[in-house]
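J.: Here is a sequence with its predicted model. Questions after.
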Number of protein chains: 2
Amino acid sequence: MKQDYNQNVEKLIEMVKGVRVCMFITNEQNTENLSGRPMSISKIDDDGAMWFFTKASSYKVDEIEESKKVSIAITNESSNNYLMIHGSAILVYDKSKMTALWSSILKAWFPLGLDDPDMTLIKVTPNEVNYWDSSSSKMVVLFNMLKAIVTGEVYEEGEHGKINL
Amino acid sequence: MKQDYNQNVEKLIEMVKGVRVCMFITNEQNTENLSGRPMSISKIDDDGAMWFFTKASSYKVDEIEESKKVSIAITNESSNNYLMIHGSAILVYDKSKMTALWSSILKAWFPLGLDDPDMTLIKVTPNEVNYWDSSSSKMVVLFNMLKAIVTGEVYEEGEHGKINL
C-alpha cells in the first residue's frame, strides 16, 4: 500500500541519515569470500536510493558490472541503528549528478575534484531492509537493559523490522 | 612466519577490542539475500577466535549447521576501525565455557542466566581479515584529510591490510 510504502521509506531515511560509513558488500554469489569495504554514503534520496562516489577503476565497479546484487551493513552504535540493506546497484556516469552530490570532503579521495576522470557514482536501490532499532532514545535503551537485568524480564530488543520496498 | 602471524593476530585483537557490536553474516552461498544481524562480541581470544552467545533456537544456528562460512563486518566510526572478517563458525555447547564468558549484560537476552536451556556459543575462527585503519589517532586522520583537501594531495586512506591467519 502506498501509505505503508511511504512510511517504510521515511523510516529507512530517518535511520540512514547521520550514518557516515557503512560496509558495502558485493560478490555475494561467488564461491570465494564476500567483498566488503567501508564506504561513505553521499546521499539517500526521498525514495530510499543511496548514492556513493567511487573510483571507476576500483575492483568493486567490476564486481557490480558482473552482479548488481549488493548489501549494505550498518552498525551505528552511537545512534543505535543497525541495518542490513539488500539492493540493486547500478553505475551512474552522470556529471550533473556528480556535481549535485559533490562535497569538499570527497577531495580527500578525488584531489582533482569533479574533473577527476576516474570517478563514477554507484546508486543502490534497496529491495529489502532489516533493521534493529533499540529505541527512540539511548536513555530508554539503558533503562530497559538495566530493568531486564534487575527484574529478570526479557529485554525487548527494540523492533526487528523487515521493510519490503 | 610465526612472528608475522603473531603480529597479525595482535593487530586483529587490538582492532576488535572495544568494538561492542558487529554485523554477523551467514548464508553466504545462498541464492537468496545474505543473512545479517547485529551481534555483540563476547570475547576475542589470544589466537583471534571470537565468541558470541546466541539462542540455540535462533535461525542463524540452523544456518551455521548448514554452512560454517560466516563473515563479520565492523564499522566503528568512533575508533575508526573498519574490518571485514571471514571465518569458520562452530557451535559450542560447553557450560564451563559459557560460565567463563558470561557477563551480567547478557541477562538482557537470557533472563534465566546460565540456566537458560536455549543458549549456545558460536566460535568464529577467522581465516581472512581485511581492515581499514585510518590512523592511530583521530587527530592525525583529520589532519591528513584536511591536508588532502587543502593541498590537493591524495589522502592515504590509512592502511588497507589483508591479514591471512
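T.: Ah, there it is.
J.: Residue A:128 looks like it's in a helix, true?
T.: No - per DSSP: H, G, I helix; E, B strand; the rest coil, residue A:128 lies outside any helix segment and is strand.
J.: Secondary structure class of the residue nearest to it when sequence neighbours are not counted, three-state.
T.: With Cβ to Cβ, 6 or more residues apart in numbering or on different chains as the criterion, residue A:128 has its nearest non-adjacent residue at 4.4 Å, and that residue is residue A:86. (Each C-beta comes from the backbone N, C-alpha and C, glycine too.) Secondary structure state of residue A:86, per three-state DSSP, is strand.
J.: any idea how far residue B:10 is from residue A:86?
T.: Counting by Cβ to Cβ, to the nearest Å, the gap from residue A:86 to residue B:10 is 35 Å.
J.: for residue A:32, same thing?
T.: Using Cβ to Cβ, one obtains 26 Å as the distance from residue A:32 to residue B:10.
J.: Comparing these two, which residue is more hemmed in?
T.: In this view residue A:32 and residue B:10 are compared by other Cβ atoms under 10 Å in any protein chain shown, and residue B:10 has more residues nearby, 12 against 9.
J.: Tell me how far the residue most central in space within chain A lies from residue B:13.
T.: The centroid of chain A falls nearest to residue A:72 when counting by Cα atoms, centre = their mean (4.9 Å). Residue A:72 is 27 Å from residue B:13, where distance means Cβ to Cβ.
J.: just the helices in chain A please.
T.: Ranges of helices within chain A are A:2-16, A:59-66, A:95-101, A:138-151, based on DSSP state H.
J.: Just the buried residues of the third one, please?
T.: Just to be clear, that refers to helix A:95-101. Going by neighbour count (16 or more other Cβ atoms under 10 Å in any protein chain shown), the buried part of helix A:95-101 is A:98, A:101.
J.: Show me the shaky parts of chain A.
T.: Within chain A, the stretches with pLDDT under 70 are A:1-5, A:30-31, A:133-165.
J.: Could you rerun that using 50?
T.: For chain A, the stretches flagged by pLDDT under 50 are A:136-150, A:155-157.
J.: quick revisit: so what sits opposite the residue nearest to the centre of chain A in the bridge?
T.: residue A:24, residue A:85 (DSSP bridges).
J.: got it, and the one 4 residues further on?
T.: Legend: beta-bridge partners of residue A:76 under DSSP bridges are residue A:81.
J.: I'd say it and residue A:41 touch.
T.: No - applying Cβ atoms under 8 Å, one finds residue A:76 not in contact with residue A:41, separated by 11.1 Å.
J.: ok, those two, which is more surrounded?
T.: Set side by side, residue A:76 and residue A:41 show more neighbours around residue A:76, with 22 against 19, by other Cβ under 10 Å.
J.: Let me see the contact set for that one.
T.: Residues near residue A:76 by Cβ atoms under 8 Å, 6 or more residues apart in numbering or on different chains: A:18-19, A:82, B:75, B:77.
J.: if you set the cut-off to 10 Å instead, what comes out?
T.: Counting by Cβ atoms under 10 Å, 6 or more residues apart in numbering or on different chains, residue A:76 touches A:15-16, A:18-22, A:82-83, B:21, B:38, B:75-78.
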